[in-house]
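> My questions concern the predicted model and sequence given below.
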Amino acid sequence: MKKLFTLIAGMLFVGSGAFAQEKWTDLVVNGNMEGAQDSKWSSFWCHDWRKGITDIDPESGQKYDNDDPENGQFQGFAEIVEDPTKPGNHCAKVIIRTEAEADEAGNKVVPDGQSSLASWDCQFFIYATETIPEGKEIRLTLKVRGEKAGKLETQAHWSPGDYNHWQLFGDVNYTTEWETYEVSTTVTADQSKESSGKAFQSVAFNLSTMTDGNVVYFDDVKLEVRDPEAPHEFEGWFNFLRKGTLSDDHIQNYTNFTGRDGATGQDTQARVVNDPVDGEPALNVTSIGFNVHEEKQEPILDEDGNPVLDDEGNPTYDISSVDMYIKENGDTLKKQDGTIGIDDWQTQFFVTIPHKLVTGQKFKVVFSARADQPATVQTQIHAMPGSYIHWQLLGDVELTEDWQTFEFEDVEITSDQNGGNTIAFNCNVLKEVNNYYFRFEEFAINSADVTVDDCILGSETITLPVPAKEKDATANVDLTALKEILEIDDLAKYIGKDCMRVRMEEGYSGDQQPTSGVFIDDNTGYYVDADNGLIVMIAEELDGNTAKFVVTSAGIDWAEGKTLSSKIIFGKDGWYYLYDVKFIGEEAYLTGIDATPVAKKVDGIIYDLSGRRVAKAAKGLYIKDGKKFIVK
């Protein structure tokens, strides 16, 4: 049995998905920053801290907020400069001042009730060519880098600086290297504010999320819009948790956030333990209490090495450098310096799926839970763990010392909850140290809404050779990761089944090359365009976990230097494994020229498949130094 798939000119595989249209309209002018800087074309505005600009056209609306070109905030067109990392390319440059500079200037922007610099002290804006009403689906694509790594927030504005809503696409983490980000959402009533006479027309990037300043660059910006499609008819529930509590399909389906044991609060993978009640596996979350840090301290010793005793004869402890929580007025919990109380969300437990839920979409959740002592747990919706969207999702959950099962079916996403994919459980309502235990059975959406991208469990990059016209070329591909992640017992039986999908993301590079799409049939036959086609066959012969890929150039004279990028997707039981495929000429492949993928900058940092940094890799698939690896 052999499995064939074919690259065909002009055909494109598109994954299914609810709330989607085929055509996007870009509302940005000069997104590549290569045009002349003029108000009639510019889609980019900035509130930053450039100094000394004197040739301001008053009719354009540009100005300094206090008419001081040396100390005022410049409000006007973004500065377009030559890219310092790529001569000849232009990009937008934004200067972010330090908090010290803001203090010295005397015009620091400060949030109510706080003392530190506001994240919106410096802003960069996309000014769309038209207003975007509630219900429209929008997609943001851009390249960004900073002279230092940092984070930006996104908001919805009417016009630049005329605030509508604090949340739009969530936060974007950037590095010192150019990286491309693509995010999408559906515009809510709060973001559009049409009822109040405003409209949504500007994306605001809050850049002052760091107090030590920075310089940030933007390029290749698109803000696209389309009308949403009506939801699909219900076809049954698709459960993203293949193994329930023990699911690690997407690495961080389950995440904890807590400051327990004196550690700075950070996201870590949730712990699977054997429940002390019934001995079965459960996800454990430990909340923090007012005295948890004091118990971890060493006693103060006198010069003879004996504990220093208090008036009651008890050992004293050194807590001067510890954020110990103390009680005030019987129940208020604060750090010993009196600055911060224990919020309900001081400890959180997150459950994440890859699918972004949109307004009107329904989902289902089934889980069991208990606690060492009875407690209330709140539920919120986030766009990834810690990226808060709305305070309410499933309501409060009342836990006892006994296991209870909770089922929420046909929960409908409101406009305020749009774009979320994470349930956040707030586990510090009790304000005491407590152990919470969860067992998840289901987090599901309508099967008709599920896209192929939602169900990709892992990926890797491979290079395949293309021979001369009407010839064959072969390459051995190690399918070990595919086998392990899709849980394939016998690769020989798997190959030749209906296991693959293919899609094209890029056309040919080089002069006068046709743009190609992709096609795959459902069984064993294949179709070849006589003029422009590649045939790729997986032979039935296997050597352990290695399969032979046979490439035939059915209608292409493969010019020197020509490349083609495509994607091959293997599937099993509704789940997929993705190969990013780079086709190059057979001679270059055999001589090792460009025969391997280009690795990202080597930095030793570990990321999950969503691009989030991971402090410690638990079981699952991760990325390090541009390469994927598995922790078993």
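Noted; the coordinates are in hand.

> In the stretch 101-250 of the chain, where is pLDDT below threshold?
248-250 (pLDDT under 70).

> let's see 90
Along the stretch 101-250 of the chain, the model assigns pLDDT under 90 to residues 101-117, 129, 134-137, 159-162, 166-173, 180-199, 210-211, 227-232, 241-250.

> Tell me which stretches of it form strands.
Counting by DSSP state E, counting those that start in this stretch, the stretch 101-250 of the chain has strands at residues 123-132, 137-146, 150-157, 163-165, 172-174, 179-186, 200-206, 214-226, 237-239.

> Return the set of buried residues in the fourth one.
Judged by neighbour count (16 or more other CB atoms under 10 Å), strand 163-165 contains these buried residues: 164-165. Backbone N, C-alpha and C define where each C-beta goes, glycine included.

> How about the first one?
Neighbour-count burial for strand 123-132, counted by 16+ other CB under 10 Å, picks out 123-128, 131-132.

> In CSV: these, plus distance to residue 35.
Compiled in CSV, those are given as follows (distance: CB to CB, whole Å):
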residue, distance to residue 35
123, 22
124, 17
125, 17
126, 15
127, 14
128, 16
131, 23
132, 22
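
> from the residues you listed, which single one is nearest residue 236?
residue 132 (33.8 Å; CB to CB).

> and the residue nearest to that closest one when sequence neighbours are not counted, what does it touch?
With CB to CB, 6 or more residues apart in numbering as the criterion, residue 132 has its nearest non-adjacent residue at 4.9 Å, and that residue is residue 200. By CB atoms under 8 Å, 6 or more residues apart in numbering, the contact list for residue 200 reads 131-133, 156-158, 164, 187, 191-193.

> which one among those residues gets closest to residue 240?
Closest approach between the contacts of residue 200 and residue 240, by CB to CB: residue 187, at 25.7 Å.

> from the strands of the stretch 101-250 of the chain, which stretch is densest packed?
strand 200-206 (a mean of 24; mean count of other CB atoms under 10 Å).

> May I have the strands that pair with it, each with its orientation?
The pairing partners recorded for strand 200-206 under DSSP bridges are strand 123-132 (antiparallel), strand 150-157 (antiparallel).

> quick one: the closest residue to residue 236 other than its chain neighbours and residue 361, what's the gap?
Nearest residue to residue 236, sequence neighbours excluded (CB to CB, 6+ apart): residue 447, at 4.9 Å. The gap separating residue 447 from residue 361 is 13 Å, by CB to CB, to the nearest Å.

> which one of those two has more residues nearby?
residue 361 (21 against 15; other CB atoms under 10 Å).

> and the residue lying closest to the more buried one once chain neighbours are set aside, how many neighbours?
Distances taken as CB to CB, 6+ apart put residue 413 closest to residue 361, at 5.0 Å, once the chain neighbours are dropped. Neighbours of residue 413 under the rule other CB under 10 Å: 22.

> Okay, residue 413 and residue 276: tell me how far apart.
Counting by CB to CB - residue 413 and residue 276 are separated by 36 Å.

> Do a quick rundown of the helices in the protein.
Using DSSP state H, the helices of the chain run over 99-105, 189-192, 480-485, 491-494, 586-590.

> Is it correct that residue 423 is in contact with residue 392?
No - taking contacts as CB atoms under 8 Å, residue 423 lies outside contact range of residue 392: 11.4 Å.

> so residue 377 bridges to which residues?
Beta-bridge pairing of residue 377 under DSSP bridges involves residue 397.

> re the thing from before, what do residue 423 and residue 392 both touch?
Jointly contacting residue 423 and residue 392 under the rule CB under 8 Å, 6+ apart are 379-381.

> Any chance of the residues you listed in CSV with pLDDT and neighbour count as columns?
Output for the shared contacts of residue 423 and residue 392, formatted as CSV (pLDDT from 0 to 100; neighbours: other CB atoms under 10 Å):
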residue, pLDDT, neighbour count
379, 97, 18
380, 95, 22
381, 94, 23
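
> In strands, which of those residues fall?
Among those, the members found in strands (DSSP state E) are 379-381.

> can you list the residues you listed in JSON lines and add distance to residue 90?
Shown next, in JSON lines, are these (distance: CB to CB, whole Å):
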{"residue": "379", "distance to residue 90": "46"}
{"residue": "380", "distance to residue 90": "42"}
{"residue": "381", "distance to residue 90": "39"}
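
> List just the nearest of the residues you listed to residue 219.
residue 381 (32.3 Å).

> that older thread, could you list every residue that touches the residue nearest to residue 361?
Here residue 413 is in contact with 357-363, 381, 420 (CB under 8 Å, 6+ apart).

> Check those against residue 28 and report the nearest one.
residue 358 (22.5 Å).

> Before we move on, what's the pLDDT of the residue nearest to residue 236?
Looking at residue 447, its pLDDT is 94.

> Go ahead and confirm it touches residue 235.
Yes - contact criterion CB under 8 Å: residue 447 and residue 235 qualify, at 4.5 Å.

> Please give the centre-to-centre distance between stretch 110-124 and its chain.
Distance, stretch centre to chain centre, for stretch 110-124: 25 Å (CA atoms, centre = their mean, to the nearest Å).

> Could I get the full set of strands for the stretch 301-450 of the chain?
So, for the stretch 301-450 of the chain - with DSSP E, counting those that start in this stretch - the strands run 325-328, 332-335, 348-352, 362-371, 375-382, 388-390, 397-399, 404-412, 422-426, 435-446.

> Can you tell me which of the shared contacts of residue 423 and residue 392 is closest to residue 89?
residue 381 (39.2 Å).

> For the residue lying closest to that closest one once chain neighbours are set aside, give me its contacts.
With sequence-adjacent residues excluded and distances taken as CB to CB, 6+ apart, residue 381 is closest to residue 420, at 3.8 Å. With contact taken as CB under 8 Å, 6+ apart, residue 420 is in contact with 356-357, 381-383, 389-390, 393, 413.

> at 6 Å instead, please
Contact analysis of residue 420 by CB atoms under 6 Å, 6 or more residues apart in numbering lists 357, 381-383, 389.

> next one: phi and psi at it?
Main-chain torsions, residue 420, degrees, to the nearest 10: phi -80, psi 150.

> and which of the shared contacts of residue 423 and residue 392 is nearest to residue 478?
Of these, the one sitting nearest to residue 478 (CB to CB) turns out to be residue 381, at 39.9 Å.

> Distance check, residue 213 against residue 194.
37 Å.

> er, residue 183 I mean
From residue 183 to residue 194 the distance is 23 Å (CB to CB).

> Please apply the same query to residue 142.
Residue 142 sits at a distance of 26 Å from residue 194 (criterion: CB to CB).

> go on, residue 272?
Applying CB to CB, the value for residue 272 to residue 194 is 47 Å.

> Flag every buried residue along stretch 579-586.
579, 581-586.

> then that stretch to PDB, C-alphas only?
Only the C-alpha atoms of stretch 579-586 are listed here, as PDB (Å, rounded to 0.1, in the frame of the first residue of the first chain):
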ATOM      1  CA  TYR A 579       5.700  19.000   8.700                       C
ATOM      2  CA  ASP A 580       6.900  22.300   7.400                       C
ATOM      3  CA  VAL A 581       8.400  21.200   4.100                       C
ATOM      4  CA  LYS A 582      11.000  23.000   2.100                       C
ATOM      5  CA  PHE A 583      11.700  21.700  -1.400                       C
ATOM      6  CA  ILE A 584      15.000  22.400  -3.000                       C
ATOM      7  CA  GLY A 585      16.900  21.100  -6.000                       C
ATOM      8  CA  GLU A 586      18.300  17.600  -5.700                       C
END
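
> pLDDT averaged over that stretch - what is it?
82.

> ok now that stretch, how far from the chain's centre?
In terms of CA atoms, centre = their mean, the centre of stretch 579-586 is set 27 Å apart from its chain centre.

> now stretch 269-280
29 Å.

> same deal with stretch 81-95?
That offset, for stretch 81-95, works out to 26 Å (CA atoms, centre = their mean).

> Quick check: end-to-end length of that stretch?
The first residue of stretch 81-95 is 12 Å away from its last residue (CA to CA, to the nearest Å).

> So which residues make contact with stretch 159-173?
With CB under 6 Å, 6+ apart, stretch 159-173 has contacts from 45, 125, 127, 140, 151-158, 181, 183, 185, 190-191, 193, 200, 202, 383, 387.
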